[in-house]
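S.K.: give the three-dimensional model of this entry:
(2 chains)
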Number of protein chains: 2
Amino acid sequence: MDRFDHYVKMVENTLARQDFDLDPIELYQPISYILGLGGKRLRPAMVLAGCELFGGNLENALLPSLGIEVFHNFSLVHDDIMDDASLRRGKKTVHEKWNTNIAILSGDAMLVKAYQYIAEVDRAKLPAILKVFSKTALEICEGQQMDMNFESRADVHEDEYLEMIRLKTAVLLGAALEIGALIGGASAHSAESLYDFGVNAGLAFQVQDDLLDAYGDPQKVGKKAGGDILQDKKTLLMIYAQDLDESGYEALQKQTLSGEEKVKAYCQFFETCGAKAKAEAKRESLLKASLEALEEAHGKDLVLKEQLAQFAQWLSHRDR
Amino acid sequence: MDRFDHYVKMVENTLARQDFDLDPIELYQPISYILGLGGKRLRPAMVLAGCELFGGNLENALLPSLGIEVFHNFSLVHDDIMDDASLRRGKKTVHEKWNTNIAILSGDAMLVKAYQYIAEVDRAKLPAILKVFSKTALEICEGQQMDMNFESRADVHEDEYLEMIRLKTAVLLGAALEIGALIGGASAHSAESLYDFGVNAGLAFQVQDDLLDAYGDPQKVGKKAGGDILQDKKTLLMIYAQDLDESGYEALQKQTLSGEEKVKAYCQFFETCGAKAKAEAKRESLLKASLEALEEAHGKDLVLKEQLAQFAQWLSHRDR
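M.R.: Below you'll find the model as predicted:
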């Protein structure tokens, strides 16, 4: 994925040129810190890919791509407070390193900074791009709220779950691509198709995430298998298992299992009741939908289009 | 102030037409709730005033005016978390009525909604208006951080204090007027002059706030006198007192006073050392600067211009 590596480098270089060494330092240091923790920069890279797919000048997409990355990091800072998470990418979360007030406020400042970067586009394109961005930002708040609501519910249905992951994570990938496409001069139809590509690929990515948590190789995934199972987290596997064999699921829940034994029992149950196969089939149908949407995006750069297809394949089938 | 009453009614009517009855309700109910608590709607009214001053159509300023009000309420929701405040306008704060996570997230959603409303302007004017809004939003975060920093500092200087209140509260009044002026078709010079008018009037308002807390009529102000003194809050009076008579100030601080006795001792000291007179003089010079800036705004509607001048007078000399 050479082109994508190149995009990531461009994003990193653009980020390195930004000055967050401002007063009051308590507001700006956390911004530098969280952006400096790294991450794959997939989302900003997708802004650049969307732009180049339609023959746009990448220079025009650099600051908006940073807007997407800063927005993503804003959501991480605030989500980490809400989820009471102490680590992010192996380092202290902002509210742990500083405090909750600073994490709230520097997160707010990041949301504003994200808008400032997004607004650095051709004025003719600004209204459409801003509309996509605000709609997406609001949806991500909705997704986070749905996710929090699910924690206290036993009866989450497949469609609600898919809607939650669509809002919480998939739409940002779609919006990154659509904004890039609009900057690159795509037609409305092509830009929307690229959005659909990104959303479906993002959904497939999340379904694969659920599968990896249960069945991934801990060496490759980088964390112990079964974290979701041990936390009784609602995942697509859990929801399918409950749907496919409710009595078996309830019997399993009544058992007092813990640790590896619990993980093993659930993984086995997901296989025997067909939940694993159903999740895999769902992932494949989402991947298929994403590739069909990609076909509808009439981009000029066919090599890049093929790389985007491979990227969706990778998101869906990654083992790490 | 008939015109302003009319603006406030228009804002209320526009607000009443918005639909916040959306899912997930945990995200949207707090938005309805905080916006429904009332408030004077001064800031959105100033958007309408700015627009009409230059002969603009008020219809074009209604949704952006709501953007300013929603933004203001977003900042209240997040500030109330940071300040651990339990009441807002006599009712429970959002984090008290729901919880902190909901207050963080619905606040975030409000900031996005504010941008959506602000973006409802003529596309030719969008870049300039967005620029003013984002700059102001970031400054307000900076002001809140400075305010939090001051809590743990004994050596706050006048210029730092004035900069803090400028950022935390005055710039939003300025931005409301400037955005209205831009919608109404003002020249850049006039729009910026109106901004300066608003910022200086906002500063005078805050200085008067400090004076009212110490010397206001509790019946009129609606709260006990001396709240700031009892909380050892840094106000302009405290800063001037420390500047004008440091040894007297330190001697006063060493006394173990409390309640009304403490309030009385500080109020007397502010008078004898000249801090009260200095704060009043500062307020007057800010009011003068605001009126001079207003003169530079070449608005068409001279009756409204006179009302804006009276408004600044009222902000500076109000007794409640």
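
S.K.: can you list the weak-confidence ranges in chain A?
M.R.: For chain A, the stretches with pLDDT under 70 are A:1.

S.K.: show me how far the helix ranked longest in it is from its chain's centre.
M.R.: Identified as the longest helix of chain A according to DSSP state H is helix A:188-215. Centroid separation between helix A:188-215 and its chain, computed with CA atoms, centre = their mean, to the nearest Å, is 9 Å.

S.K.: likewise stretch A:82-91?
M.R.: 16 Å.

S.K.: determine how far the last residue of it lies from the first.
M.R.: Using CA to CA, to the nearest Å, the span of stretch A:82-91 from its first residue to its last is 17 Å.

S.K.: rewinding a little: show me what the longest helix of chain A is packed up against.
M.R.: Contact analysis of helix A:188-215 by 3 or more CB pairs under 8 Å, 6 or more residues apart in numbering or on different chains; DSSP states H and E lists helix A:42-53, helix A:158-165, helix A:171-183, helix A:227-230, helix A:236-244, helix A:259-272, helix A:275-296, helix A:302-317 as its packing neighbours. All C-beta atoms are positioned from the backbone trio N, CA, C, and that covers glycine.

S.K.: for the next helix or strand after that helix, buried residues please.
M.R.: Downstream of helix A:188-215, the next assigned helix or strand under DSSP states H and E is helix A:218-221. Across helix A:218-221, burial judged by 16 or more other CB atoms under 10 Å in any protein chain shown covers A:Val221.

S.K.: hmm, who's touching helix A:218-221?
M.R.: Helix A:218-221 is contacted from outside by A:212-213, A:224-225, A:319-320, using CB atoms under 8 Å, 6 or more residues apart in numbering or on different chains.

S.K.: which helix or strand contains the closest residue to A:Gln307 other than its chain neighbours?
M.R.: The shortest distance from A:Gln307 to any non-neighbouring residue, by CB to CB, 6 or more residues apart in numbering or on different chains, is to A:Arg3 (5.6 Å). Element membership of A:Arg3, judged by DSSP H and E, is helix A:2-16.

S.K.: the helix or strand that that helix is followed by and chain B in contact?
M.R.: Under the assignment DSSP H and E, the closest C-terminal helix or strand after helix A:2-16 is helix A:25-36. Yes. Shown here: helix A:25-36 in contact with chain B (CB under 8 Å from any CB of the partner chain) through A:26-27.

S.K.: show me what helix A:25-36 packs onto, helices and strands only.
M.R.: Using 3+ CB pairs under 8 Å, 6+ apart, helix A:25-36 is in contact with helix A:62-82, helix A:94-97, helix A:100-118, helix B:126-151.

S.K.: who wins for proximity to B:His298 among the ones you listed?
M.R.: helix B:126-151 (17.7 Å; CB to CB).

S.K.: could you say what helices and strands the closest one packs with?
M.R.: helix A:25-36, helix A:100-118, helix A:126-150, helix B:62-82, helix B:100-118, helix B:158-165, helix B:171-183.

S.K.: just name the most buried of the ones you listed.
M.R.: helix B:171-183 (a mean of 30; mean count of other CB atoms under 10 Å in any protein chain shown).

S.K.: quick check: buried residues in stretch A:5-21?
M.R.: Buried-residue list, stretch A:5-21, by 16+ other CB under 10 Å: A:7-8, A:10-11, A:14-15, A:20.

S.K.: reformat those as TSV; add distance to chain B.
M.R.: Listed next are these as TSV, based on distance: CB to the nearest CB, whole Å:
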residue	distance to chain B
A:Tyr7	26
A:Val8	27
A:Met10	24
A:Val11	21
A:Thr14	19
A:Leu15	18
A:Phe20	12
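
S.K.: and those residues, which two are furthest apart?
M.R.: A:Tyr7 and A:Phe20 (22.0 Å).

S.K.: wait, A:Ala61 sits on A:Gly184?
M.R.: Yes. Counting by CB atoms under 8 Å, A:Ala61 touches A:Gly184, with 7.2 Å between them.

S.K.: shared neighbours, these two?
M.R.: A:50-51.

S.K.: what is the neighbour count of A:Glu260?
M.R.: As a burial measure, A:Glu260 scores 12 neighbours (other CB atoms under 10 Å in any protein chain shown).

S.K.: next: A:Lys305.
M.R.: 19.

S.K.: quick one: A:Ser75 and A:Ile140 touch, right?
M.R.: Yes. Counting by CB under 8 Å, A:Ser75 touches A:Ile140, with 5.9 Å between them.

S.K.: show me what counts as buried in the longest helix of chain A.
M.R.: A:190-215.

S.K.: so which residues on the stretch 151-300 of chain A come close to chain B?
M.R.: Counting by CB under 8 Å from any CB, no residue of the stretch 151-300 of chain A is near chain B.

S.K.: who are the neighbours in contact with whichever residue of the stretch 201-320 of chain A sits closest to chain B?
M.R.: Nearest to chain B, among the residues of the stretch 201-320 of chain A, is A:Lys234, at 15.3 Å (CB to the nearest CB). For A:Lys234, the contacting residues are A:150-151, A:153, A:156, A:161, by CB under 8 Å, 6+ apart.

S.K.: show me the two of those residues that sit farthest apart.
M.R.: Across those (CB to CB), the longest gap, 12.7 Å, separates A:Glu151 and A:Tyr161.

S.K.: tell me the contacts of the residue lying closest to A:Asp301 once chain neighbours are set aside?
M.R.: Nearest non-adjacent residue to A:Asp301, counting by CB to CB, 6+ apart: A:Leu53, 5.3 Å away. A:Leu53 makes contacts with A:180-181, A:184, A:186, A:194, A:297, A:299-301, A:304-305, A:308, as judged by CB under 8 Å, 6+ apart.

S.K.: and which of these is nearest B:Val263?
M.R.: A:Gly180 (60.2 Å).

S.K.: give me phi/psi at A:Arg17?
M.R.: Backbone geometry at A:Arg17, expressed as degrees, to the nearest 10, gives phi -80, psi -10.

S.K.: right, I mislabeled it, should have said A:Lys92
M.R.: phi -60, psi 140.

S.K.: skip the chain neighbours and tell me the closest residue to it.
M.R.: A:Ser86 (6.8 Å).

S.K.: same deal with A:Gly184?
M.R.: Here the residue nearest A:Gly184, using CB to CB, 6+ apart, is A:Gly56, at 2.7 Å.

S.K.: on that earlier part again, list just the one of the helices and strands packed on helix A:25-36 that sits closest to B:Lys113.
M.R.: Here helix A:100-118 is closest among the helices and strands packed on helix A:25-36 (CB to CB), at 12.0 Å.

S.K.: how about the CA coordinates for that closest one, as CSV?
M.R.: The C-alpha coordinates for helix A:100-118 follow below in CSV (Å, rounded to 0.1, in the frame of the first residue of the first chain):
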residue,chain,number,x,y,z
THR,A,100,-10.9,15.6,33.8
ASN,A,101,-11.5,19.4,33.5
ILE,A,102,-8.5,19.8,31.3
ALA,A,103,-9.5,16.8,29.2
ILE,A,104,-13.0,18.2,28.7
LEU,A,105,-11.8,21.7,27.8
SER,A,106,-8.9,20.7,25.6
GLY,A,107,-11.3,18.3,23.9
ASP,A,108,-13.6,21.2,23.2
ALA,A,109,-10.7,23.2,21.8
MET,A,110,-9.8,20.3,19.5
LEU,A,111,-13.4,20.2,18.2
VAL,A,112,-13.1,23.9,17.3
LYS,A,113,-9.6,23.4,15.8
ALA,A,114,-11.0,20.5,13.7
TYR,A,115,-13.6,23.0,12.3
GLN,A,116,-10.8,25.5,11.6
TYR,A,117,-8.9,22.9,9.6
ILE,A,118,-11.9,21.6,7.8
